[in-house]
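Q: my questions are about this predicted structure, shown below with the sequence.
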Amino acid sequence: FQSYAKQIISLLKVEVFVHGNSTSQEAMEFATSIHETLGSQPLPCAMEPIRRVVALEPGVTYIYRDHCKNCNPAEKNSAIQNLYLVTDENSADDINTNTSSSSKADALGTEAMLDLISHLLSEPAFDQLRTKEQLGYIVHTSKTDMGHVLGLRMIIQSNSKDGQYLDGRIESFLEQYRTTLLQDMSLDELNTNISATIEKLIEKPKNLDEETGELWDEIRKSMYLFDRKILKANYLRGILETNKKCNDISECNFLQEIMKFYDEYLRVTSTTRRKFSTQFYGQGTKYPHQDTVLPPKTILIKEPGHFKRNMQLLKIKTATATATASENENEN
């Protein structure tokens, strides 16, 4: 064990973020002391692991299911997380400094749109799925960020309904929201929701730990866009100013953009939607038989490792990352 312990820390990549009551010199000394204390050498760039994202096929729904008997047989709750991907690594890279200002604006606009739609859906989803249908104690809607890939996620935890049923109710809600609340939204309602999204973006961190988390997230993603929220808020402010010049919702082009975005990424009828549904079945729920007929363009993932190994990965633009990925593929 002692021999292995020395080997595992012999090469390390150390990323340090010092935030708070410290000078830059103290921060550098602290970072340097890590290698010195552990007796390790910097990890060569070619050996750095890269987090890659599986490229989900447009128009296809992926489902992964698990039962409590495989991990905790006493668990009574079922749960589901539906993830609807909106961007990929290429669109996220458009925010980097090497791209044109128009590309950055488009990428930030897409992210701001996702923030707005997440806000629009959050309260109605809770009201419908939690309060009215009483599916479970937890009903959560939010934007999710997996490195350079963004999406909308909807989570339900239920002590009475199984994952397959919860999936159906989420899809029903998304369709209901599109054909009723979104379709009939007034100009005042739209502007109120845009303003609320802006307020959420510009809200100051409540404490140092929260601020550190936001800054570290940019470092973790290697994006370093530390004023991201301000830029997105400014984008939405521009939309709000344009909307205020409209006399009626029929003159507001932005609502049409929202519906187009919604139709492309969230509706079940979309040929470009990329959905990944993770379903957990609690004690006493009926687990679907593996031979159950699935809807068209639906793939059931039986073994995650095999699934990932046989899927294409999203491209990475950076030269170092591409070289490392090729080396890893050659080794495999």
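A: Okay, I see it.
Q: in contact with T278, which residues?
A: By Cβ atoms under 8 Å, 6 or more residues apart in numbering, the contact set of T278 is 64, 80-83. (Each C-beta comes from the backbone N, C-alpha and C, glycine too.)
Q: list the buried ones in stretch 207-218?
A: Neighbour counts over stretch 207-218 (16 or more other Cβ atoms under 10 Å) mark no residue as buried.
Q: can I get the CA coordinates of that stretch in PDB?
A: Taking C-alpha atoms only, stretch 207-218 is exported to PDB below (Å, rounded to 0.1, in the frame of the first residue of the first chain):
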ATOM      1  CA  ASN A 207     -21.500  34.600   0.800                       C
ATOM      2  CA  LEU A 208     -17.800  34.000  -0.100                       C
ATOM      3  CA  ASP A 209     -18.400  30.200  -0.600                       C
ATOM      4  CA  GLU A 210     -21.200  30.800  -3.200                       C
ATOM      5  CA  GLU A 211     -19.000  33.300  -5.100                       C
ATOM      6  CA  THR A 212     -16.100  30.900  -5.000                       C
ATOM      7  CA  GLY A 213     -18.300  28.200  -6.500                       C
ATOM      8  CA  GLU A 214     -19.300  30.400  -9.400                       C
ATOM      9  CA  LEU A 215     -15.800  31.400 -10.200                       C
ATOM     10  CA  TRP A 216     -14.400  27.900  -9.800                       C
ATOM     11  CA  ASP A 217     -17.100  26.600 -12.200                       C
ATOM     12  CA  GLU A 218     -15.600  28.700 -15.000                       C
END
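Q: spatially nearest residue to K302, not counting backbone neighbours?
A: Q290 (7.1 Å; Cβ to Cβ, 6 or more residues apart in numbering).
Q: and that neighbour, how far from T278?
A: 17 Å (Cβ to Cβ, to the nearest Å).
Q: repeat that for F261.
A: Taken as Cβ to Cβ, the span from F261 to T278 is 24 Å.
Q: could you do R220 as well?
A: 22 Å.
Q: again with S160
A: 19 Å.
Q: picking that back up, okay, the contacts of T278 in JSON lines with neighbour count next?
A: Below are the contacts of T278 laid out as JSON lines (neighbours: other Cβ atoms under 10 Å):
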{"residue": "Y64", "neighbour count": "18"}
{"residue": "I80", "neighbour count": "27"}
{"residue": "Q81", "neighbour count": "20"}
{"residue": "N82", "neighbour count": "24"}
{"residue": "L83", "neighbour count": "20"}
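Q: take those residues and keep only those in strands.
A: Taking DSSP state E as the definition of strands, the contacts of T278 contribute 64, 80-83.
Q: quick one: contacts for the nearest residue to Y235 once chain neighbours are set aside?
A: Take Y235 and drop its neighbours on the chain: the residue closest to it by Cβ to Cβ, 6+ apart is A112, 4.7 Å away. By Cβ under 8 Å, 6+ apart, the contact list for A112 reads 197, 232-233, 235-236.
Q: nothing else from me, thank you.
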